[in-house]
Structure formats: structure tokens, C-alpha cells
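Chemist: fold the following, please.
(2 chains)
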Amino acid sequence: MSVDLSQFIPTFLAESFEGLEIMESGLLNLEAGDSEMINAIFRAAHSIKGGAGTFGFGHVTEFTHLVETLLDEMRDGRREINPQEKEVLLASVDCIRLMIEAIQNENEYDDTSIVMVSVQLSELLANGNEPAQTDKGLSSSSEPLDLTPSNTTKWNILFIPEHHLVQTGNDPLLLFSALEDFGELTATAVLDNLPSITEMDVEELCMHWQLTLISDNATEDDIREVFEWVEDECELTISEEELEQPMQEESGSTETGEHENGSVDATPSSEQQLSNDDEQLTQTDSTADTNKADSQASNVTALSPSTDDNNSPKAPKTPAKSKAKTDQGSIRVGVDKVDSLINLVGELVITQSMLSELGNDFDLSKVEKLTAGLEQLLQNTKELQESVMRIRMLPISFAFNRFPRLIHDLSMKTGKDIELIINGENTELDKTVMEQIGDPLVHLVRNAVDHGIEPVEKRLAAGKSEKGTIWLDAYHQGGSIVIEIRDDGGGINRDAVFNKAVEKGLVEPNATLTDNQVFELIFEPGFSTAKQLSDISGRGVGMDVVKRNIQSLGGRIQVESTKGQGSTFKVHLPLTLAILDGQLVRVGEEVFVVPLITIVESLQAKPELINKVSGDMMLYRLREDNVPVIPIFQLFNLPAESQSVDNSLLVVVEADGQKVGLMVDDLLAQQQVVIKSLKDNYQDVAGISGATILGDGSVAMIVDVPGIIQMALEIAQQKQKQRNNVYQLEGALN
Amino acid sequence: MAKVLVVDDSNSIRDMVSFTLKGAGHQTVEAVNGQEGLSKAQAGGFDLVISDVNMPIMDGITLCQELRKLPSFKFTPILMLTTESSTDMKMKGKAAGATGWLVKPFNPDKLLSTIKRVIR
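Modeler: From the prediction side, this is the model:
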């Protein structure tokens, strides 16, 4: 039977990534003498190695073997744990991750770093108490392995088991039947040493066997392999009767060299005269081990063509047999979540059967029951929805756990001593949001290290402790998640930001701005106050990109800062991207959904507060603000009831710090809507972020508030331009 | 058709072993570490145990020792899954009462041909 191994690869990849995380966080927290931790790290490496070998990724096995050997020495106390080794091990984790990711994405990778780190590992191993074990594995792998005799051979096998052989679960009969796979087997039991019936112990084996195997393909190794589990508990003599293909070359090579104890157990048994061929070999511990080691090395070689490169491959490699179906992605769900889902479905079934019972002979007296049933259905549906949503939720530690390593690396690079304190790592977040928030968070943390935390001298001069601290907090607030990145650094330099903004033409030199308004300027495109671009945060990605990424997830970012005390960035994110809390509004015959999170307030426009500036743009006076009014019916060319803004309904929404009033005909219900992508089902439409299906089956468009503001501003600008052209034309004519 | 206890903390290896055995008509019970393996072993009726060595909570060697203390496992074949680097592990396994070992990496065919040596 053949089993398609590729089906297990996604599981292997997932557990490898988990293992790498265990290794990484373990190494970061590893202190000398922490045997529990080093064991856990070792186990993770060991599992990756084992899995990689099994599923055909020899290059991963080969590299991980070095890591494992080093860890094994640390685990046994043969090697001290020092910072240098920790760094090399951390770099190894990156290398393994690179290889595993390449398998996952089925792409090639640059293995320069891998070659470099494996050289470092080999050096460490060579300098340790043990000679590097790598060469052994590699050199033996090139030895010839299967010398298959071309002719039929008759093997004489003498098998004298020790009396206790059966007590470990071995059964000579099964061993013999395994031998039968190779050819024709004759077994003769020798009962000479059988005790008398009264002395006989059923748990003891007091006989031995003379076996003859006639086979076209069996080698001595094959036969020894069948007996490998019992080699210490028996005397085994194998001899070849017809010498068509000499075997001494191979068996000789395995016996040479380091096995000085090779003949200790080799006392010829009394039966040995039975086999007086010159090809006779007497089994010993160490030869068996060598044979074994060789055949394992052969396995590795067979699975990984790259082994032949002798650890110094130059060209980028493609993973050996990767057929990983990784596009689908998978999610690990706690059993409790699945159980609650099953419970809820159970309840739903009960409600359903109750309702259909009710429908059998329905009359008006049962209306009350019907209402109750429908209410229950509503409740079930809601709970079911929440429960299903929870499946997509993962603890934010998935996004957070890369930060200890990041801080560690950045500390080394900048020479700043930084402590990272993480809170709320069990706060749950939608998987998609989680995947997309990673990079913006990394940028914010890098930023905190680079621009936030001051150099040690500066901190000491300011009377602060030498060690800078960065806090990473996650918590729920209302229907959203807040992630806070806080540092106890120097805070944002208000004047530097302001001057820079003036220089870039973002604000007027004489503008009076509050501190927060100034800080918001750092999110403007192209803004950077760093005097020098460092390789940490000056990577050409600005805070504007961070802000845009967060907004594309339906979130927002805020900054607070106190000079000399540090800064706090707060990222607000929706719990999920699949469902939206929306306000339904009507324009003419059409229903639109306005995301509730964007709505500031809804009001009836008072004519005296409406200000028509420069022709078409209307402004509404909302307390101290002037809010531009966007008539949705004009934007989308719809027939609407209220064509004039006077006394119409305005929904004031905010995006990018810009408030606008959306002019609508009617406010309908507030409800959760399931977002359907327009792009997938139709095409992208400006000003619309998606669609949803309402309770009555009709389709409603979901308003893209930032998009709609952009559209309205562009239209206004175009009109302004046209007017300017007209003025210029008039001027020219005059 | 045998009833096999498969103990390994690696999901992929455990899945592979279990899938292969089931495909060959055997019945499997899975456990993620020695302790779980030991507690599932209490149910009895097993014809074979295949266990990883390196596992959290309880390793394979300890599991083997514990199983051998149970009367119903006195003669049950126990195979350890080891890697090529741990030759001495095989010896430790034998000392703990293991019947034999299966060396990683192995493939499904190797697994099936190997267990022939211990189950009918």
C-alpha cells in the first residue's frame, strides 16, 4: 500500500512553526541551569528534524541535526550556555524558519545565511568537548549501500535466543515470517537444551533454530535488520553458502576502524562449526550499530539530494518534495469552541422542530407560541453567529510573540538596554486582522526603540533608569480591540515635528495647533523627522503607511506623547472583518449601510446653519466645526426625495480626522450586516466598500466613508479648477 | 487486524503512523505524550504500542517502563520511534523493556514491513 505523504505536510509545517516559536522564546529566556527550558527547546528541534526527515525535507533535517547536537550537549551539561551560542542558535531558528517557509510557499530561498550559520554551528561543535558529528554522517552517506547479489544465494542462519527473549514482546515466529519476505525459508528447531517438563517456565525460551533462506535479493544487512531488535539477546551467525557475488568488501568496511570492542561479544558459539564458511560473520554490538548508522544515513541521502552537496551548496535550493497545499490555510480551534458550536446547533434543531410542530395545525390561538419560538430562533441564530465568529478568533499572542525576539535583536543592534512588557496577550482577534496587523505593529515597535527610547547617556542625564521599557498591551474596548504601544522614552519633540511640517508645507508657519494636532502630523505622507535614517525604522516605510494599513482594516491609530516621559500609540481595530455594525439609511429607493464606527451623530439640518461657499460646496455649521455636506443622491445619480439640504437629514461621519455630513432621506434601523465583497462578485466601485443582503432579501451597499470623502473632495476640486479656468479665460478676454 | 496505541507529540508523525496503520486495516488509539498514552493503555486489549521517545510530560522510555509494570502489557510488543542520532537511546529503550525501534525518518511502507515482525 502506498500512502501519500503530502497530506501530512501542512500539519508538519504548522507544528514546525510552533516548534520554532518554542525554540525562539525559550532561547530568549534561557538561563544557565534551566534544564526544563533547554529540554523543551531540544524537543522542538528534535521534532522538526524527525518530521522533516520523514516527509522528505533532507536539507532541513541536515541543518536541524547540527542545532540538535549542540542543544543535546547543553542538555547533558557537556556544554555551557553562553551568549555567543545563544545568538548562533537564534540565528539557526531563523534559518530553519526560512527553509520551512520556503517549503510552505513552494519557492526558492537564498541559502547564504544557512550556509553561514551551519559553518558557525559546526565550528561551535568542533570546539566543544565532542568532535563535530556532522562529518561522520555526511561521509558515511556516500558509501555504497545496497549491494544486491545478482544470483540466488543460500543463507545459513543460526539463531540462539537467550531465554528471556520473549519477555520484551519479541516472537521468533514473527521474525521468521519477516525473513520469509525475502525468499524460501526453512526453519529447524533444535530442542537439545529443553529442560524437563517440571522445570519448564512458560516465560522462558529454551530452544534455538537453524534457518536456511534461499533468496535472490536478500543481503546480510537485510537479514541482520530483521534480527536487529534482538541482537543483544541472541547469538546470531549468518553465513552464505554460494559465493557468487562476494560480500566481504562491504562487511569488511563496516568492521574496520573505530570498533575496538568489536570482538568482545564475538565468542564463537559451540554450534559454530555448523557453518564453516570463510564468509562467516559473528554479530557484535558495534558492527550492528555501524550497519544501522549506515543504513540510516542512506535514508537521509535518498530523501535529500542536497546531502551530496556536503553542506556547502551554492545555488538557491528548492525544497525537495514540497507539495504543500498551503494556500487554503488552516486554523486550530480549541475543543471548547467546537463543543459550544455543537451545543448551539443542538438548540437550533430543537427550536426548528418546535416551530415545524407548531406549523402542523396552526391557528390563531398559537400566535403567542409562534412569537416565542421565533424569539428563540433569533437568540439561537445570534449565539450561533457569535460562536462561529469565535472560531476565527485567535489570541493576539500569535502577533505578539515575535516581539521579544525583535526587541532582543534591536537591543543588540542599538546598544540600548530595553525591556519589553506584554499584557493582554490572550485577547482574541480575527485571524485575518491578526495577519495584517503584524507589520504595522513591527513598525511601531521598531519606531519606539529607534526614536522613542533614548540612548543610555541621555536617559541617565534625564534621571531615568538605564533600562528603557516598552509596553505592549491589548484589550477590548466596546466592540473593538485596542493595541497600545507605549515607551518611556523622550516623547515626541513637538517643535521638531511642527517645523518639519512647516518645511514640508503641511501647515502654515503661523498656525496654532494643539499638541495632539501636531503629533497627528507624523502620519502625513512623506513625513520623517529622523536626522539620519537608521537601518531600524528608516526603511522607507513611513507612519503614513502604518496608518493606511490600519485604516484598510477598518481601524484607526492615535498618538499621545509627553515630553520626557514617552509616547503611546493606540491602534483601534474591529474584532472582525466579516461582520459590520451598520446604520441603514435610505436615499430615494436605495438603502445604504453606514459603518456605525464612523458615525459621529445624526441630525436634522437647520437652514440657518448652512453655508454655501464657492458655489457648489456646502458647509454645515456643527458647533465650532464647519462640516462639508455630501449629498449622496448627487454622488451616485439617484432620484431622491430631499433635493435641498434645508431640513434634510445629515449623518455626520468622520474618517482621517475629516468630518462630513452625508445627506440622506431617512434613517432606518441599526443592525449587524454580513459583508459581501463587491470585488469578488462584481467589481470595485468608488465610494462603496462592499454590499450586504438585508432581511427582506434586497441588496444594500456599504458606504466606504474615507472613499466617499475623497470622491467629494475631488469633485469639489475639479469644479474649483473649472471655475478658475473660466476666471482666467474671462481675464484673458478682458 | 491489530489494536495499536500510537504515542507521539508530533501531530504530523502521529497522523501519518495512525493513517498508515488504519489503511492497513488496523485499529489505532492516539495519545500525545507518555502520560496520556499510559492512561489510554488502561483500557487494555492492545496488540502493539508505537511510541516516540522525546515527549513532554512523560517520555517514551518512562512510558515503556510503566507499561511493562501492567500485567496486560507484559508481553505486548512496544516499538520506540528514534532518530539516527540516538543509538544509545535504542539501548535505553531496550533496557526499559521495549521490543524494538523504528528509526526516523521512515515511510509508511517501512512502518508496515517493520511491524510485521511483532504482530500477526
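Chemist: which residues does stretch A:394-404 contact?
Modeler: With Cβ atoms under 8 Å, 6 or more residues apart in numbering or on different chains as the contact definition, stretch A:394-404 has outside contacts at A:21, A:24-25, A:28-29, A:331, A:420, A:422, A:424-431, A:434, A:437-438, A:441-442, A:445, A:472, A:474, A:481, A:483. Using the backbone N, CA and C atoms, a C-beta is placed for each residue, glycine as well.
Chemist: element containing the residue nearest the centre of chain B, please.
Modeler: The residue lying closest to the centre of chain B (Cα atoms, centre = their mean) is residue B:50, at 1.3 Å. Element membership of residue B:50, judged by DSSP states H and E, is strand B:48-52.
Chemist: packing partners of that strand?
Modeler: strand B:3-7, helix B:34-41, helix B:60-69, strand B:78-83 (3 or more Cβ pairs under 8 Å, 6 or more residues apart in numbering or on different chains; DSSP states H and E).
Chemist: need these in JSON lines with mean pLDDT and mean neighbour count, can you?
Modeler: Conversion of the helices and strands packed on strand B:48-52 to JSON lines gives the following (pLDDT from 0 to 100; neighbours: other Cβ atoms under 10 Å in any protein chain shown):
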{"stretch": "strand B:3-7", "mean pLDDT": "94", "mean neighbour count": "24"}
{"stretch": "helix B:34-41", "mean pLDDT": "93", "mean neighbour count": "20"}
{"stretch": "helix B:60-69", "mean pLDDT": "92", "mean neighbour count": "21"}
{"stretch": "strand B:78-83", "mean pLDDT": "87", "mean neighbour count": "25"}
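Chemist: can you add distance to chain A and give those back as CSV?
Modeler: Shown next, in CSV, are the helices and strands packed on strand B:48-52 (distance: least, Cβ to the nearest Cβ, whole Å):
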stretch, distance to chain A
strand B:3-7, 13
helix B:34-41, 13
helix B:60-69, 8
strand B:78-83, 6
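Chemist: so which of those gets nearest residue B:92?
Modeler: helix B:60-69 (5.6 Å; Cβ to Cβ).
Chemist: turn the helices and strands packed on strand B:48-52 into CSV, columns for distance to residue A:374.
Modeler: What follows is the helices and strands packed on strand B:48-52, written out as CSV (distance: least, Cβ to Cβ, whole Å):
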stretch, distance to residue A:374
strand B:3-7, 49
helix B:34-41, 46
helix B:60-69, 55
strand B:78-83, 56
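Chemist: closest to residue A:86 out of those?
Modeler: strand B:78-83 (23.9 Å).
Chemist: partner strands of the closest one, with direction?
Modeler: According to DSSP bridges, strand B:78-83 forms sheet pairs with strand B:48-52 (parallel), strand B:100-104 (parallel).
Chemist: ok, which of those strands comes nearest residue A:175?
Modeler: The nearest among these, by Cβ to Cβ, is strand B:100-104 at 10.1 Å.
Chemist: and the lowest-mean-pLDDT helix or strand in chain B, what's buried?
Modeler: Using mean pLDDT, DSSP states H and E, the weakest-scoring helix or strand in chain B turns out to be helix B:87-95, at a mean of 80. By 16 or more other Cβ atoms under 10 Å in any protein chain shown, the buried positions in helix B:87-95 come out as B:87, B:89, B:90, B:92, B:93, B:94.
Chemist: same for chain A: which of those residues are within range?
Modeler: Residues of the buried residues of helix B:87-95 in contact with chain A (Cβ under 8 Å from any Cβ of the partner chain): B:87, B:94.
Chemist: that older thread, tell me what angle the strand holding residue B:50 forms with helix B:60-69.
Modeler: Interaxial angle of strand B:48-52 relative to helix B:60-69 (axes from the mean of the first three to the mean of the last three Cα atoms, to 10 degrees): 160 degrees.
Chemist: what does strand B:48-52 rub up against?
Modeler: Here strand B:48-52 has contacts from B:2-10, B:13, B:17, B:34, B:37, B:41, B:60, B:63-64, B:67, B:73, B:76-81, B:102, B:115, B:118-119, using Cβ under 8 Å, 6+ apart.
Chemist: alpha carbons only: can I get that strand in CSV?
Modeler: This file holds the C-alpha atoms of strand B:48-52, laid out as CSV (Å, rounded to 0.1, in the frame of the first residue of the first chain):
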residue,chain,number,x,y,z
LEU,B,48,1.2,-3.2,19.8
VAL,B,49,2.4,0.1,21.1
ILE,B,50,4.4,2.6,18.9
SER,B,51,5.8,5.5,20.9
ASP,B,52,8.1,8.4,20.3
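Chemist: and that strand, how far out from the chain's middle?
Modeler: 1 Å (Cα atoms, centre = their mean, to the nearest Å).
Chemist: of the buried residues of helix B:87-95, which is the nearest to chain A?
Modeler: Chain A lies nearest to residue B:87 out of the buried residues of helix B:87-95, by Cβ to the nearest Cβ, at 5.4 Å.
Chemist: on that earlier part again, got the angle between the strand holding residue B:50 and helix B:34-41?
Modeler: 170 degrees.
Chemist: looking at strand B:48-52 now, give me its mean pLDDT.
Modeler: Average pLDDT, strand B:48-52: 94.
Chemist: which strands or helices does the longest helix anywhere in chain B pack on?
Modeler: Of all segments of type helix in chain B, defined using DSSP state H, the longest is helix B:11-23. The elements that helix B:11-23 packs onto, with contact taken as 3+ Cβ pairs under 8 Å, 6+ apart, are helix A:9-29, helix A:35-54, strand B:3-7, strand B:27-31, helix B:108-115.
Chemist: so is the first one next to chain B?
Modeler: Right, the one you point to is helix A:9-29. Yes - counting by Cβ under 8 Å from any Cβ, chain B is contacted by helix A:9-29 at A:9, A:11, A:12, A:14, A:15.
Chemist: how about the secondary structure of the nearest residue to the fourth one once chain neighbours are set aside?
Modeler: If I follow you right, that is residue A:14. With sequence-adjacent residues excluded and distances taken as Cβ to Cβ, 6 or more residues apart in numbering or on different chains, residue A:14 is closest to residue A:330, at 6.7 Å. Using DSSP: H, G, I helix; E, B strand; the rest coil, the structure places residue A:330 in coil.
Chemist: for chain A, where's the lowest mean pLDDT among helices and strands?
Modeler: helix A:134-141 (a mean of 38).
Chemist: give the next helix or strand downstream of that helix.
Modeler: In N-to-C order, the element after helix A:134-141 by DSSP H and E is strand A:153-161.
Chemist: for that following strand, C-alpha coordinates in CSV please.
Modeler: What follows is strand A:153-161 as a C-alpha-only set of coordinates in CSV (Å, rounded to 0.1, in the frame of the first residue of the first chain):
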residue,chain,number,x,y,z
THR,A,153,22.1,-17.1,-2.5
LYS,A,154,21.6,-19.6,0.2
TRP,A,155,21.9,-18.2,3.7
ASN,A,156,22.5,-20.4,6.7
ILE,A,157,21.4,-18.6,9.8
LEU,A,158,21.9,-19.9,13.3
PHE,A,159,19.7,-18.2,15.8
ILE,A,160,20.3,-18.9,19.5
PRO,A,161,18.0,-16.7,21.6
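Chemist: per the record, what domains does chain A have?
Modeler: A:5-142, A:153-297, A:335-391, A:395-574, A:579-720 (automatic domain parsing).
Chemist: quick one: terminal-to-terminal distance for the longest one?
Modeler: Taking Cα to Cα, to the nearest Å as the measure, domain A:395-574 stretches 14 Å from start to finish.
Chemist: I'd like the average pLDDT over it.
Modeler: 84.
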